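A.B. asks: here are the coordinates; sequence isn't available:
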Ligand SMILES: O=C(O)C1=C[C@@H](OP(=O)(O)O)[C@@H](O)[C@H](O)C1
Ligand SMILES: C=C(OP(=O)(O)O)C(=O)O
């Protein structure tokens, strides 16, 4: 982190009811892509509602280093003057992507199609995460990679002078890998083809079209087949970033768990490939409604109304994982409060996030008096029927979602919950503690 909050609030205590209307910061996935597409479009892209979290600021800095002009013009308002497809220039220094897997992997795709040399690194968490999942398919463009042992950062890349289009069947359900292949395909002649067995978030496909590329999507027996026609002229286009459903998850689960609460989160992105958590919470019995559903900036958005509910345990099928991949830690907190057992299936991908989230989530639960087991790739949580003991200190392992999940748990537990480090919350949800404290009396989130 380059700007850690000097006194992040990292303990939470049992809370009075939460009430009010709030907006959450802009969608992280769309924010990264808006800056990247703006940088390879011709003309000036105006972005509103950009997430000004540390992860996205890393992307903004990287796009500047690659030759685009990127300026903040107001709160959440950013302007990118692009260089056109194929126009990025060699960066003069190492690209440091901080804590952000999305920034690192998508950018490697973009760089692969340009005849430039770059060195990329990240913080200790990102340097542990696998990059081979992108360097393998991207090598087929002709780009060359030199990585640290195990295919990890830091790495050096020499992009291809005459990139070839990729034809790749994704071995893991990953929007980052899919997007890296498509971004490399922008510079290659002919058709880039990516096949995914499970559909993953489709912001790259939607935004490529929005900037003028030809992208087709077809559901076949092989899976979802995405084709991009290479070397398009991308033209600057305005981007309106909706509130991030992955951030909205925290005040929503808090409202469901703290008796007497009713919270409305406004302008939340409701792309169906992102809403698996809301489906699951409804199956658990949650009083969750969407109001004012509309299309904004090409994405479905709405206001989510969440009211305290006694939840019941459910089984979450593995095919739902891509549509709620970042929401399992906070779902586990909801499951801890529910009556009965919740089984979340097929969570292997959680092991390669900012932390090993499967282990970190199980430890979060165990340290606060909840019975939970990992069986293979499944997480099983034995709910307490509204009686979470709490009282633990949670190791967050440089992972913002573990920190926020721990703090949400403390609001609904019998004893305070402490996160050992809350600084990483700024990567995706700047202002989290102030926003949560603004929903209730007292200051349940505080420095212990
Ligand atoms: O494409 C994206 O913007 C993202 C894809 C997901 O990662 P994977 O592609 O590794 O599943 C998700 O966890 C991440 O927060 C954002
Ligand atoms: C996994 C996440 O992000 P990234 O992969 O971009 O670091 C996340 O935000 O939960």
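C.D. replies: Alright, I've got the coordinates. The model shown is predicted, which means the values in this text are computed figures rather than measured ones. Ligands and ions are numbered 1, 2, ... in the order given.

A.B. asks: Distance check, the nearest residue to residue 65 once chain neighbours are set aside against residue 62.
C.D. replies: Nearest in space to residue 65, with sequence neighbours left out and distances taken as CB to CB, 6 or more residues apart in numbering, is residue 91 at 4.0 Å. Quick note: C-beta positions are derived from backbone N, CA and C, even for glycine. As judged by CB to CB, to the nearest Å, residue 91 and residue 62 stand 8 Å apart.

A.B. asks: neighbour count winner among the two?
C.D. replies: Under the criterion of other CB atoms under 10 Å, the comparison of residue 91 against residue 62 puts residue 62 first, with 29 against 18.

A.B. asks: Wait, a strand at the more buried one?
C.D. replies: No - according to DSSP: H, G, I helix; E, B strand; the rest coil, residue 62 belongs to no strand; its state is helix.

A.B. asks: Got the confidence number for it?
C.D. replies: pLDDT, residue 62: 99.

A.B. asks: residues contacting it?
C.D. replies: For residue 62, the contacting residues are 91, 95, 97, 103, 107, by CB atoms under 8 Å, 6 or more residues apart in numbering.

A.B. asks: Residue 202 too?
C.D. replies: Residue 202 neighbours (CB under 8 Å, 6+ apart): 175, 217, 271, 273.

A.B. asks: got the buried residues for the helix or strand where the second one lies?
C.D. replies: Following DSSP states H and E, the helix or strand that holds residue 217 is strand 215-220. The neighbour-count criterion (16 or more other CB atoms under 10 Å) identifies residue 215 as the buried residues of strand 215-220.

A.B. asks: which helices and strands does that strand pack with?
C.D. replies: Judged by 3 or more CB pairs under 8 Å, 6 or more residues apart in numbering; DSSP states H and E, the packing partners of strand 215-220 are helix 203-210, strand 223-229.

A.B. asks: Near ligand 2, which residues of the stretch 301-448 of the chain are found?
C.D. replies: Contact residues (CB under 6 Å from any ligand atom) of the stretch 301-448 of the chain with ligand 2: 326, 353-354, 401, 428.

A.B. asks: repeat that for 8 Å
C.D. replies: Contacts of the stretch 301-448 of the chain with ligand 2, taken as CB under 8 Å from any ligand atom, map to 325-326, 353-354, 399-401, 427-428.

A.B. asks: In helices, which of the residues you listed fall?
C.D. replies: Members of those lying in helices (criterion: DSSP state H): 400-401.

A.B. asks: Out of the residues of the stretch 301-448 of the chain next to ligand 2, which two are the most distant from each other?
C.D. replies: 325 and 427 (16.1 Å; CB to CB).

A.B. asks: Between the two, which is the more surrounded one?
C.D. replies: Between residue 325 and residue 427, counted using other CB under 10 Å, the more crowded position is residue 427 (27 against 22).

A.B. asks: Does the more buried one touch residue 57 like I think?
C.D. replies: No - with contact defined as CB atoms under 8 Å, residue 427 does not count as touching residue 57 (9.3 Å).

A.B. asks: In the stretch 301-448 of the chain, what residue spans correspond to strands?
C.D. replies: 315-316, 341-344, 371-375, 378-382, 393-394, 417-419, 445-446 (DSSP state E, counting those that start in this stretch).

A.B. asks: Outside of the fourth one itself, list whatever touches it.
C.D. replies: Which is strand 378-382. 313, 328, 332, 335-336, 341-347, 358, 361-362, 365, 370-374.

A.B. asks: nearest spatial neighbour of the closest residue to ligand 2 within the chain, skipping sequence neighbours?
C.D. replies: Ligand 2 sits closest to residue 101 of the chain, with a gap of 2.8 Å, by CB to the nearest ligand atom. Among residues not flanking residue 101 along the chain, residue 129 sits closest, at 5.6 Å (CB to CB, 6+ apart).

A.B. asks: I'd assumed residue 352 was in contact with the one you found.
C.D. replies: Yes - judged on CB under 8 Å, residue 129 makes contact with residue 352 at a distance of 5.8 Å.

A.B. asks: Which one of those two is surrounded by more residues?
C.D. replies: residue 129 (20 against 17).

A.B. asks: hang on, the earlier thing: of the residues of the stretch 301-448 of the chain next to ligand 2, just the buried ones, PyMOL syntax please.
C.D. replies: In PyMOL, selecting the buried portion of those, with burial taken from 16+ other CB under 10 Å, looks like this:
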select buried, resi 325+326+353+354+399+400+401+427+428
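
A.B. asks: now the residues of the stretch 301-448 of the chain next to ligand 2 in CSV, with pLDDT?
C.D. replies: CSV is the format used below for these (pLDDT from 0 to 100):
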residue, pLDDT
325, 98
326, 98
353, 98
354, 98
399, 98
400, 98
401, 98
427, 98
428, 98
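
A.B. asks: What about the contacts of residue 62, which are in helices?
C.D. replies: Per DSSP H, helices hold the following members of the contacts of residue 62: 103, 107.

A.B. asks: Output the helices and strands packed on strand 215-220 as a markdown table; include the columns mean pLDDT, mean neighbour count and distance to residue 448.
C.D. replies: Shown next, in a markdown table, are those (pLDDT from 0 to 100; neighbours: other CB atoms under 10 Å; distance: least, CB to CB, whole Å):
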| stretch | mean pLDDT | mean neighbour count | distance to residue 448 |
| --- | --- | --- | --- |
| helix 203-210 | 97 | 22 | 38 |
| strand 223-229 | 98 | 20 | 47 |
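
A.B. asks: Present the ones you listed as a markdown table; the columns should include distance to residue 179.
C.D. replies: Listed next are the helices and strands packed on strand 215-220 as a markdown table, based on distance: least, CB to CB, whole Å:
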| stretch | distance to residue 179 |
| --- | --- |
| helix 203-210 | 4 |
| strand 223-229 | 10 |
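
A.B. asks: Of all the ones you listed, which one is nearest residue 421?
C.D. replies: Of all the helices and strands packed on strand 215-220, helix 203-210 comes closest under CB to CB, at 29.3 Å.

A.B. asks: Kindly report the residues of the stretch 1-150 of the chain close to ligand 1.
C.D. replies: Residues of the stretch 1-150 of the chain that fall close to ligand 1, judged by CB under 8 Å from any ligand atom: 28-29, 32-33, 101-102, 105-106.
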